[in-house]
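Peer 1: This is a predicted model, with the sequence first.
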Amino acid sequence: MHPAYSIIFFTTASGLGYGLAAVLGLGFLDPSSMWVRFAHIVALGLISAGLLSSTLHLGNPQRAWRALTQWRSSWLSREGVLSLATFVPLCISAWFALFEGRHLPLVGLLGAIGCVVTVYCTSMIYASLRAVQAWNTQLTPACYLLYAGASGSLLGAFFAAGAGQSAVVLTGLSLVLFTAAWATKLVWRLRLREKQISTPESATGLGAIGTVRLFERPHTNENYLTREMGYRVARKHADKLFAIALIAGGLVPLALLFLSPVLGHTQAAIALGLAVVLHTFGMLVERWLFFAEARHAVMNYYGR
């Protein structure tokens, strides 16, 4: 599939934002600190930037609101509705943290639940597509949720260290979620390497006769399908990029998380800040591969 940069940014930024918002909503951080107040702004900013960027790949972005009307049958519509609904408790929590320096447990819990459900809806946009075998698995929402949780707990630990608060709980949670997220992603990639379910034989229904080969392309020129669903990346390049994503987005942040408890608050904040930067870079690479390596079943008719 063609990796649209706006969607890559959207899924990465919203994962970071919703993860951090959930951590703040569950009350892991003391809102009396300026660092934690700023964290609320960062969470809302990441979510807003991600949602706005998701409209950039549309032919008519001004019609994006119509997606909200199909929530009964569309995961995309459910994501849009829930993202707007979740903004209400998140904004209330941010208001009380910024101007009164206090946390509202019930409102925060509602916001955290909304964050989890919204990220799940985002992941199901892809996991529900049977025509893309790589995505059509429950491992896809598992990866999205675990990455959001790992990102949010890492950002939470960074803001806690900057505020001079204890980050032991968030650091431990982040270590668990980072390990689970990348382990799940490795299983996801092993599944990607398995034999393709959709083949020219299954697509045409002629498998009982024998091997099906392409006699002639349906089109002599490139078209929408070949541009958007026929993107190809060499396996050796994909493996190198995944290694970069794993090291930058997983292994190095894990090492910095292990190191942070023995450092002072300032040194820990610097180490965790570096971990956030590297993790974000690794996630951008991982999301690019998520789209670039996916193969749509329609390409069986184009000999790919």
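Peer 2: Ah, there it is. The model shown is predicted, which means the values in this text are computed figures rather than measured ones.
Peer 1: in the chain, which spans are helices?
Peer 2: Assigned by DSSP state H, the chain shows helices spanning 5-25, 34-53, 75-100, 105-127, 139-162, 168-192, 200-204, 224-228, 235-246, 252-259, 265-292.
Peer 1: How far off centre is the fifth one?
Peer 2: From the chain centre to the centre of helix 139-162 is a distance of 10 Å (CA atoms, centre = their mean, to the nearest Å).
Peer 1: Could you export it as PDB, CA atoms only?
Peer 2: C-alpha atoms of helix 139-162 as PDB (Å, rounded to 0.1, in the frame of the first residue of the first chain):
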ATOM      1  CA  LEU A 139      -2.500  -8.500  16.300                       C
ATOM      2  CA  THR A 140      -3.000  -5.200  14.500                       C
ATOM      3  CA  PRO A 141      -5.200  -3.600  17.300                       C
ATOM      4  CA  ALA A 142      -2.900  -5.200  19.900                       C
ATOM      5  CA  CYS A 143       0.100  -3.500  18.400                       C
ATOM      6  CA  TYR A 144      -1.700  -0.100  18.200                       C
ATOM      7  CA  LEU A 145      -2.900  -0.300  21.800                       C
ATOM      8  CA  LEU A 146       0.400  -1.500  23.200                       C
ATOM      9  CA  TYR A 147       2.400   1.200  21.300                       C
ATOM     10  CA  ALA A 148       0.000   3.900  22.500                       C
ATOM     11  CA  GLY A 149       0.400   2.700  26.100                       C
ATOM     12  CA  ALA A 150       4.200   2.400  25.800                       C
ATOM     13  CA  SER A 151       4.400   5.900  24.300                       C
ATOM     14  CA  GLY A 152       2.100   7.400  26.900                       C
ATOM     15  CA  SER A 153       3.900   5.900  29.800                       C
ATOM     16  CA  LEU A 154       7.300   6.900  28.400                       C
ATOM     17  CA  LEU A 155       6.100  10.500  28.000                       C
ATOM     18  CA  GLY A 156       4.600  10.400  31.400                       C
ATOM     19  CA  ALA A 157       7.900   9.200  32.900                       C
ATOM     20  CA  PHE A 158       9.700  12.100  31.100                       C
ATOM     21  CA  PHE A 159       7.300  14.700  32.500                       C
ATOM     22  CA  ALA A 160       7.400  13.200  36.000                       C
ATOM     23  CA  ALA A 161      11.200  13.300  36.000                       C
ATOM     24  CA  GLY A 162      11.200  16.900  34.700                       C
END
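Peer 1: orientation of that helix relative to helix 168-192 in degrees?
Peer 2: Using axes from the mean of the first three to the mean of the last three CA atoms, to 10 degrees, the inter-axis angle of helix 139-162 relative to helix 168-192 is 150 degrees.
Peer 1: circling back: want to throw the helices of the chain into JSON lines with distance to residue 298 and mean neighbour count?
Peer 2: Where C-beta positions appear, they are placed from N, C-alpha and C, glycine not excepted. Below are the helices of the chain laid out as JSON lines (distance: least, CB to CB, whole Å; neighbours: other CB atoms under 10 Å):
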{"stretch": "helix 5-25", "distance to residue 298": "19", "mean neighbour count": "25"}
{"stretch": "helix 34-53", "distance to residue 298": "26", "mean neighbour count": "19"}
{"stretch": "helix 75-100", "distance to residue 298": "19", "mean neighbour count": "19"}
{"stretch": "helix 105-127", "distance to residue 298": "16", "mean neighbour count": "21"}
{"stretch": "helix 139-162", "distance to residue 298": "20", "mean neighbour count": "26"}
{"stretch": "helix 168-192", "distance to residue 298": "18", "mean neighbour count": "18"}
{"stretch": "helix 200-204", "distance to residue 298": "8", "mean neighbour count": "14"}
{"stretch": "helix 224-228", "distance to residue 298": "6", "mean neighbour count": "13"}
{"stretch": "helix 235-246", "distance to residue 298": "21", "mean neighbour count": "14"}
{"stretch": "helix 252-259", "distance to residue 298": "37", "mean neighbour count": "18"}
{"stretch": "helix 265-292", "distance to residue 298": "15", "mean neighbour count": "20"}
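Peer 1: closest to residue 210 out of the ones you listed?
Peer 2: Residue 210 lies closest, by CB to CB, to one member of those: helix 200-204, at 8.4 Å.
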